[in-house]
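J.: build me a model:
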Amino acid sequence: MVLEDYSLNFDRAFLPALYSLLFVLGLLGNGAVAAVLLSQRAALSSTDTFLLHLAVADALLVLTLPLWAVDAAVQWVFGSGLCKVAGALFNINFYAGALLLACISFDRYLSIVHATQLYRRGPTARVALTCVVVWGLCLFFAIPDFIFLSARRDERLNATHCQYNFPQVGRTALRVLQLVAGFLLPLLVMAYCYARILAVLLVSRGQRRLRAMRLVVVVVVAFALCWTPYHLVVMVDTLMDLEALSRNCGRESHVDVAKSVTSGLGYMHCCLNPLLYAFVGVKFRERMWMLLTRLGRPDLRGHQPSSFRRDSSWSETTEASYSGL
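T.: All right, here's what the predicted structure looks like:
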């Protein structure tokens, strides 16, 4: 009971503070990305379009965090209807974030490794169709949330929480789906595509290519570092549910705390995406500069960053793919 109380008190203290911080940072960062991309709608490439959808997915995910903060701090006070919607919205955008990252890596792989402009030479409908398929898959994956999530009274905790109400086999199946569709497959796609991209960049010369190579490595490493710990902890919890690992109060409490910490680390990825995919990118800084100038910053008028003076176009060449991360 002491260990159980420790786990509960840890969640009440840790999760609301973390979720509140991620809510603010995630909205600001992804809002800035969306604003910059939308300000240059006529110049959006396929990767930019995927980035826009990624920013929307991450922003929608962090929008649910205040609800989960209240759930952790006190109890779920919003009813079963909002429980289903919040749970589904969270998972839709969890899957969308991972799948859109895979789409971005595949788009760059085609452009750099095969010099194939699948999306850029075809109609913009191809990009739109890809995004529709991604969102459709995510909505399909969230069907269990609409069916099985509800506000339930937990007599053990003497509180109401937004929880799944299905047998153990359903819980295990849902976790396997999250592991495979929301982590392993996107990670494998990213790892393969970026490994091939790195092979091309390593035989090329030039500072711009070297800078792009570093960013490429950071992209995959950040996704893996943010989400691998969470999925490992969930795997341990699932093995205990299946009695493949022995369960006791101490181990269960430690796993609960680990899930809270590692899930927070995973949600931090929503705040890292703007930094990794936009703020450190040459093209984004140029567009942000232009947007600030257009919004009436007189001190910025007539000045352009050095990278913009060197190359003021957003051409869809292979070279642009290297530096436009």
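J.: low-scoring stretches of this protein, by residue?
T.: For the chain, applying pLDDT under 70 flags the ranges 1-6, 116-123, 205-213, 215-216, 277-282, 296-325.
J.: what packs against the host helix or strand of residue 217?
T.: Using DSSP states H and E, residue 217 sits in helix 207-241. For helix 207-241, the packing partners by 3 or more CB pairs under 8 Å, 6 or more residues apart in numbering; DSSP states H and E come out as helix 79-112, helix 168-179, helix 185-202, helix 249-267, helix 269-274, helix 318-323. Where you see a C-beta, it was placed from the backbone N, CA and C, and this is true even at glycine.
J.: let's go with 7 Å and repeat that
T.: Helix 207-241 is packed against helix 168-179, helix 185-202, helix 249-267, helix 269-274, helix 318-323, with contacts defined by 3 or more CB pairs under 7 Å, 6 or more residues apart in numbering; DSSP states H and E.
J.: following the fourth one, which helix or strand comes up?
T.: Beyond helix 269-274 on the C-terminal side, the first helix or strand identified by DSSP H and E is helix 282-294.
J.: buried residues in that next one?
T.: By 16 or more other CB atoms under 10 Å, the buried positions in helix 282-294 come out as 282-291, 293.
J.: confirm residue 7 sits in a helix?
T.: Yes - per DSSP: H, G, I helix; E, B strand; the rest coil, residue 7 lies within a helix segment.
J.: any idea how many residues pack against it?
T.: Residues near residue 7, counting by other CB atoms under 10 Å, number 19.
J.: against residue 20, how distant is residue 14?
T.: 11 Å (CB to CB, to the nearest Å).
J.: typo on my end, residue 268
T.: In this view, residue 268 and residue 20 are 13 Å apart by CB to CB.
J.: more crowded one of those two?
T.: residue 268 (18 against 14).
J.: who touches the more buried one in this structure?
T.: 22, 226 (CB atoms under 7 Å, 6 or more residues apart in numbering).
J.: residue 156 - that's part of a helix, no?
T.: No - counting by three-state DSSP, residue 156 is located in no helix; its state is coil.
J.: quick one: neighbours of it, just the number.
T.: Quick note: residue 156 (other CB under 10 Å) scores 8 neighbours.
J.: over to residue 44?
T.: 17.
J.: spit out the contact partners of it.
T.: Taking CB under 7 Å, 6+ apart, we find residue 44 in contact with residue 37.
J.: and it, how far from residue 114?
T.: With CB to CB as the criterion, residue 44 and residue 114 are 22 Å apart.
J.: what's the answer for residue 145, then?
T.: 38 Å.
J.: same deal with residue 99?
T.: Residue 99 sits 21 Å away from residue 114, going by CB to CB.
J.: tell me which of the two has more neighbours.
T.: residue 99 (27 against 11).
J.: hmm, who's touching stretch 149-161?
T.: Under CB under 7 Å, 6+ apart, the answer for stretch 149-161 is 8, 71, 75-76, 79-80, 83-84, 87, 162-165.
J.: give the buried subset of these as a ChimeraX selection command.
T.: Those of these that count as buried under 16+ other CB under 10 Å are selected in ChimeraX with:
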select :8,71,75,76,83,84,87,162,163,164
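J.: of the contacts of stretch 149-161, closest to residue 130?
T.: Minimum distance to residue 130 across these is 25.9 Å, recorded for residue 87 (CB to CB).
J.: residues contacting residue 269?
T.: Here residue 269 is in contact with 222-223, 226-227 (CB under 7 Å, 6+ apart).
J.: swap in 6 Å and give it another go.
T.: residue 226 (CB atoms under 6 Å, 6 or more residues apart in numbering).
J.: pretty sure residue 189 sits against residue 102.
T.: Yes - with contact defined as CB atoms under 6 Å, residue 189 and residue 102 form a contacting pair (4.1 Å).
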